[in-house]
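[1] with the input below, show me the fold.
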Amino acid sequence: MNREESEVIALQALTFIAGQEKIMGWMLAETGIDQGTLAQSADNPEILAGVLDFLLSHEEILIDFCNQESLSTTSPVRARQFLPGAPVEDY
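    Take a look at the predicted model:
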């Protein structure tokens, strides 16, 4: 895993979340970012880190995403480590 792969996983997660109106609204409310800013900044590593933080905070959404993308549930955790503000502890 490297930063580029991490960003790809985060963009996949954003696409997954954006495709579900209820979850998208939930993420926007939790993160405080508005949809316009998100759309304009989707390639910003800090925004992508926030997307993964949201995903990792919600196990059911994480599992659904990983199943859809045929990823291990540890892939987003590993991806998060390569983006800004990565926590010292694992999720």
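
[2] which helix is the longest one in this structure?
    For the chain, the helix reaching the highest residue count under DSSP state H is reported as helix 3-18.

[3] next, the buried residues of it.
    By neighbour count on 16 or more other CB atoms under 10 Å, the buried set for helix 3-18 is 6, 7, 9, 10, 12, 13, 14, 16, 17, 18. Glycine gets a C-beta too; all of them are placed from N, C-alpha and C.

[4] measure the nearest residue to the last one once chain neighbours are set aside to residue 70 for me?
    It stands for residue 18. Using CB to CB, 6 or more residues apart in numbering and skipping residues adjacent in sequence, the residue nearest residue 18 is residue 24, 5.4 Å away. Using CB to CB, to the nearest Å, one obtains 22 Å as the distance from residue 24 to residue 70.

[5] who has more neighbours, these two?
    Neighbour tally, residue 24 and residue 70, criterion other CB atoms under 10 Å: the higher count belongs to residue 24, 16 against 7.

[6] list the contacts of the helix or strand of the chain with the lowest mean pLDDT.
    Each helix and strand of the chain was given a mean pLDDT (mean pLDDT, DSSP states H and E); the minimum falls on helix 35-40 at a mean of 89. Around helix 35-40, the neighbours that count as contacts under CB atoms under 8 Å, 6 or more residues apart in numbering are 14, 24, 28, 47.

[7] burial measure for the last one, as a count.
    By that I understand residue 47. By the criterion of other CB under 10 Å, residue 47 has 19 neighbours.

[8] would you map the strands across the chain?
    Defined through DSSP state E, the strands belonging to the chain form an empty list.

[9] tell me where the model's unsure across it.
    86-91 (pLDDT under 70).

[10] same thing but 90
    Applying pLDDT under 90 to the chain picks out residues 1, 31-35, 37-39, 41-43, 85-91.

[11] helices of that one, start to end?
    According to DSSP H, the helices that the chain contains are 3-18, 21-31, 35-40, 45-56, 59-69, 75-80.
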